[in-house]
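A.B. asks: Okay, predicted coordinates and the sequence, questions at the end:
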Amino acid sequence: METVVVDRENVVKLYDESTGAWKFVRKDRGPLRSIELIEKTFQKLGLSKNEIRVYVLLARSRERRASEISEALSLHRTETYRILRDLEKKGLVSSVFEKPLKFIATPFELAVDALIGAKKLKLQRLEREKQNLVDLWLALPKLEMRARRKEVFQILEGEEQFTLKANAVLDNAEREICVYASEEDLALLYHSGFIDRLENLAKKKVDVRLLTENSRKSRFFIEKMDLKLFKYARSDVRDLPTFVITDQEHLLLTIRKNDDSRSGRGKSKIAALFTNYEAFVNALDKLFSELWKN
């Protein structure tokens with residue numbers, strides 16, 4: 001009989017109550033992908049990998065003793081108790097006062113609410129501390145330095161950092177804003193509040209111009225935006241990166257990496273370059289002007 005070899009990561013260990021024994025079962029990739037997505041989100045919300053494993057095991061089964069959890073996940077029993085105590089402090093696990101002591105998971109929706117609520121409280125505390133930090137910084141002795149313009153480059157990774165920087169760049173604009181938005185990034189700018197900021201700046205008499213690809217997706221978002229306060233146009237030029245120029249002095253340029261979206265293998269990652277390097281800014285400003293004229 002032929003032996004089938006399966007990678008360890010494609011096998012899950014399950015307890016069979018009818019026989020009282022553990023068995024190894026090949027994972028179903030469909031549910032597994034859902035679990036992986038949940039695990040990534042929980043990591044972003046501050047849980048460690050082992051905390052996630054313990055919570056998911058409890059949430060997908062009845063109450064369990066610490067020894068059962070330890071054996072199912074191949075964790076040391078001391079480590080298992082520590083994780084259970086930490087999860088209990090976070091409101092994700094409860095103890096059942098029986099002998100032997102058992103543990104149950106907080107329902108999934110309530111667990112997510114608890115994690116998000118904890119993140120919000122941390123952000124609120126940081127917001128309250130912000131002014132104190134600024135006051136402390138301003139109270140530091142000033143160093144004697146000559147004011148001189150420095151040409152700088154800054155690389156930012158991820159959608160969040162890109163949208164935060166894009167909005168910050170707009171906040172410092174005084175006279176002119178030129179935006180070229182690719183089809184891929186137009187939806188991101190729309191959902192991040194970037195377009196609303198452009199509208200508000202246009203109200204303040206800042207010269208705002210938005211240029212997009214002439215595609216079905218771009219036309220859909222332009223119609224959805226219902227733009228009235230600033231000028232926009234569509235260009236037949238394709239495959240240009242998104243860029244934002246403010247006051248002909250600052251440039252934010254997107255960089256798409258590992259773009260497998262067209263082949264259906266995944267979503268491309270976004271990074272961005274911010275600079276005030278004069279030659280670079282001027283080059284992109286001239287490109288925008290030519291595209292706008294045409």
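C.D. replies: Noted; the coordinates are in hand.
A.B. asks: Now do the contacts for T80.
C.D. replies: T80 sits next to V54, A66, I69, S70, L73 when contact means CB atoms under 8 Å, 6 or more residues apart in numbering. C-beta: built from backbone N, CA, C; applies to glycine.
A.B. asks: helix or strand for it, which one?
C.D. replies: Following DSSP states H and E, one finds T80 within helix 77-89.
A.B. asks: For A202, grab phi and psi.
C.D. replies: Main-chain torsions, A202, degrees, to the nearest 10: phi -60, psi -40.
A.B. asks: Is the closest residue in space to L210 that isn't next to it in sequence within a helix or a strand, and which one?
C.D. replies: Sequence neighbours aside, Y232 is the residue nearest to L210 in space, at 4.0 Å (criterion: CB to CB, 6 or more residues apart in numbering). According to DSSP H and E, Y232 maps onto strand 231-235.
A.B. asks: average model confidence for that strand?
C.D. replies: The average of the pLDDT scores along strand 231-235 is 84.
A.B. asks: Please point out which parts of it sit buried.
C.D. replies: For strand 231-235, a neighbour-count test (16 or more other CB atoms under 10 Å) marks Y232, S235 as buried.
A.B. asks: Pull it out as PDB, backbone CA atoms only.
C.D. replies: The C-alpha trace of strand 231-235 is given here as PDB (Å, rounded to 0.1, in the frame of the first residue of the first chain):
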ATOM      1  CA  LYS A 231     -11.500  70.800 -11.400                       C
ATOM      2  CA  TYR A 232     -11.000  67.300 -12.500                       C
ATOM      3  CA  ALA A 233     -10.200  65.500 -15.800                       C
ATOM      4  CA  ARG A 234      -9.500  62.000 -17.200                       C
ATOM      5  CA  SER A 235      -6.400  60.900 -19.100                       C
END
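A.B. asks: right, and the helix or strand after that strand?
C.D. replies: Sequence order places strand 243-246 as the next helix or strand after strand 231-235, per DSSP H and E.
A.B. asks: Show the pLDDT at G264.
C.D. replies: If you check G264, the pLDDT there is 48.
A.B. asks: could you pull out the helices for the stretch 101-250 of the chain?
C.D. replies: Listed in chain order, the helices of the stretch 101-250 of the chain (DSSP state H, counting those that start in this stretch) span 108-139, 159-171, 183-191, 194-203, 216-225.
A.B. asks: pLDDT weak spots in the stretch 1-150 of the chain?
C.D. replies: 1-30, 144-149 (pLDDT under 70).
A.B. asks: How is the protein divided into domains?
C.D. replies: 8-110, 153-293 (automatic domain parsing).
A.B. asks: Thanks a lot, see you next time.
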